[in-house]
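A.B. asks: pasted the sequence and its predicted model underneath.
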Amino acid sequence: MRVLLSTIGSRGDVQPLVALALQLKALGQEVHLCAPPDFRDWIDSLGIPVTPIGPELRKSALFSAPLAAPAQFSPRRRRQLAEATVATQFETIAAAAQGCGIIVAATALQIAARSLAEMMKIPYVFVAYCPTVLPSPHHAPPPFPLPGQVPAPATADNRELWAGNARRFHETFGSLLNSHRASVGLAPVSDIRSHIFTDRPWLAADPTLGPWPDPADPTVFQTGAWILPDERPLPSELETFLQAGDPPIYFGFGSMGAPQNLNQVMIQTARALGRRAIVSRGWAGLSLVDDEADCLAVGEVNQQALFARVAAVVHHGGAGTTTVAARAGAPQVVIPQLYDQHYWARQIHHLGIGTAHAPGTPTTESLTTALKHTLRPDVAARARSIATAVRSDGAQAAAQCLIAAETHSSF
């Protein structure tokens, strides 16, 4: 079996598919990835064929915009972006899928993948990395994926919010998708979101950290999070820093943009608490404020090894970072900015393994308050306890299910 794994998103969207790809390869299957060009060299280095799709995300307004100054898109610009991504998907994913027996698509912006699978008469699987991406009366949809967007109020009616979400999907992509479908001889679809998600979506989230809210619901298949094992040693400079004192606080915002003073807030907060700091540069290019020995800036490193050796992890609330920190037993402060990050912030608070900071840009005072709570011994103990329940076999389970289901044509 040859499998196409496709996504449009940051490293947090791509890395779980890489984990699944390696599991499929280990089971003797052929795999091809379709992912943004930002990750081509990395995927190539793992021996996985990859087709780049779309422009570099790191240079896009969505990921380069500071948290305090979210990107603004006019209705005309939104329409242009929608037209461009749908056209690109139909062209690029169609080429990448040649010879494949199944397409697995991650993230809700995979508009073309199911139609292409239908055209090629091959199975299709949609996967979400967070429960709130999938419709349920038990939760609201995530806010639109732009910085500065906030979740719906708790008093809102979830069914009405999901109905509005479906309308927005169809208004944005309906005519575009159906035009492309007509060009390849496919009938129009009346509900774009349901078409993309299917009536049997997969949920690649850990059942302890992000359980599907209705265990009796047979329509969602929860595999567990797809975690990519990382055996890399930590850089010598980082190893020396860790050994030179008490466990530091890790600060990182992954692929998010950041205001210019965020590094100052993070380091001032650590020093106010008498703690050392590790600052991850990330896509925002965060840096240190001085040359003092109590802080260290790092690039992309083995978070699985690092998080087991820090006092706390302060981050943006991506599904991957949240899961890795929880699996390492590290207490967390989540400062959500967009989309599903608000859900993970709430879950960290609900599970008692950290603090949900208010969305947006932190101040030294607000971050100090959040970290004081997170660094309490009872929170650290709870984080270590939860860590023992976080599974690491989600990608393996998903790979086995894909092979078994394809063999028996049960999609």
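C.D. replies: Thanks, I have it. Numbering: from 1, shown residues only.
A.B. asks: what are the structural domain limits within the protein?
C.D. replies: In terms of domains, the chain is parsed into 2-227+392-407, 236-387 (source: automatic domain parsing).
A.B. asks: winner for burial among those?
C.D. replies: Across the domains of the chain, the average number of neighbours (mean count of other C-beta atoms under 10 Å) peaks for domain 236-387, which reaches a mean of 20. To be clear about C-beta, it is placed using only N, CA and C from the backbone, and glycine gets the same treatment.
A.B. asks: now do that domain: distance to the chain's middle.
C.D. replies: 17 Å (C-alpha atoms, centre = their mean, to the nearest Å).
A.B. asks: with mean pLDDT added, can I get the domains of the chain in a markdown table?
C.D. replies: Compiled in a markdown table, those are given as follows (pLDDT from 0 to 100):
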| stretch | mean pLDDT |
| --- | --- |
| domain 2-227+392-407 | 89 |
| domain 236-387 | 94 |
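A.B. asks: next SSE downstream of the longest helix seen in the chain?
C.D. replies: If you go by DSSP state H, the chain has its longest helix at helix 158-183. Counting by DSSP states H and E, the element after helix 158-183 in chain order, helix or strand, is helix 192-197.
A.B. asks: what helices or strands is the helix or strand just after that next one leaning on?
C.D. replies: Per DSSP H and E, the first helix or strand lying C-terminal to helix 192-197 is strand 202-203. On a contact count with 3 or more C-beta pairs under 8 Å, 6 or more residues apart in numbering; DSSP states H and E, strand 202-203 meets strand 124-128, strand 221-222.
A.B. asks: the longest one pairs with which strands, parallel or anti?
C.D. replies: Within its sheet, and counting by DSSP bridges, strand 124-128 is paired with strand 102-106 (parallel), strand 202-203 (parallel).
A.B. asks: ok, and what's touching the longest one?
C.D. replies: What it means is strand 102-106. 1, 3-7, 9, 13, 16-17, 20, 93, 97, 113-114, 116-117, 122-129, 196, 204, 402, 406, 411 (C-beta atoms under 8 Å, 6 or more residues apart in numbering).
A.B. asks: now, those residues that are in strands?
C.D. replies: Using DSSP state E, the members of the contacts of strand 102-106 that fall within strands are 3, 4, 5, 6, 7, 124, 125, 126, 127, 128.
A.B. asks: would you turn the residues you listed into a markdown table with distance to residue 357?
C.D. replies: A markdown table is the format used below for these (distance: C-beta to C-beta, whole Å):
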| residue | distance to residue 357 |
| --- | --- |
| 3 | 39 |
| 4 | 38 |
| 5 | 33 |
| 6 | 33 |
| 7 | 28 |
| 124 | 38 |
| 125 | 35 |
| 126 | 31 |
| 127 | 28 |
| 128 | 24 |
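A.B. asks: returning to that earlier point: quick one: closest of the helices and strands packed on strand 202-203 to residue 40.
C.D. replies: For these, the distance to residue 40 is smallest for strand 124-128, at 21.4 Å, taking C-beta to C-beta.
A.B. asks: C-alpha coordinates for the closest one, CSV please?
C.D. replies: Taking C-alpha atoms only, strand 124-128 is exported to CSV below (Å, rounded to 0.1, in the frame of the first residue of the first chain):
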residue,chain,number,x,y,z
TYR,A,124,-9.8,9.0,2.4
VAL,A,125,-9.3,9.7,6.1
PHE,A,126,-9.6,13.1,7.8
VAL,A,127,-7.7,13.5,11.0
ALA,A,128,-7.9,16.3,13.7
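A.B. asks: and that strand with strand 2-7, angle?
C.D. replies: Interaxial angle, strand 124-128 versus strand 2-7 (axes from the mean of the first three to the mean of the last three C-alpha atoms, to 10 degrees): 40 degrees.
A.B. asks: helices of the stretch 1-150 of the chain, start to end?
C.D. replies: Under the criterion DSSP state H, counting those that start in this stretch, helices of the stretch 1-150 of the chain are mapped to 11-26, 40-45, 61-64, 75-96, 113-120.
A.B. asks: and residue 231, which of those is closest to it?
C.D. replies: Across the helices of the stretch 1-150 of the chain, residue 231 has its closest neighbour in helix 11-26 (12.3 Å, C-beta to C-beta).
A.B. asks: kindly export that closest one (C-alpha atoms) in CSV.
C.D. replies: In CSV, the C-alpha atoms belonging to helix 11-26 read as follows (Å, rounded to 0.1, in the frame of the first residue of the first chain):
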residue,chain,number,x,y,z
ARG,A,11,5.4,22.1,12.3
GLY,A,12,2.7,21.1,14.8
ASP,A,13,0.6,20.0,11.9
VAL,A,14,3.4,18.3,10.0
GLN,A,15,5.2,16.4,12.7
PRO,A,16,2.4,14.0,13.7
LEU,A,17,2.1,13.0,10.0
VAL,A,18,5.9,12.4,10.0
ALA,A,19,5.4,10.2,13.0
LEU,A,20,2.7,8.2,11.2
ALA,A,21,4.8,8.0,8.1
LEU,A,22,7.7,6.4,9.9
GLN,A,23,5.4,3.9,11.6
LEU,A,24,3.9,3.0,8.2
LYS,A,25,7.4,2.6,6.7
ALA,A,26,8.4,0.3,9.6
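A.B. asks: which residues are in contact with that helix?
C.D. replies: In contact with helix 11-26 (C-beta under 8 Å, 6+ apart) are residues 3, 5-7, 31, 33, 35-36, 38-39, 43, 46-48, 104, 106-107, 129, 204, 225-229, 254-255, 318-321, 395-396, 398-399, 402-403.
A.B. asks: now do that helix: distance to the chain's middle.
C.D. replies: For helix 11-26, the separation from the chain centroid amounts to 13 Å (computed by C-alpha atoms, centre = their mean).
A.B. asks: can you give me the angle it makes with strand 102-106?
C.D. replies: Using the same axes, to 10 degrees: helix 11-26 against strand 102-106 is 150 degrees.
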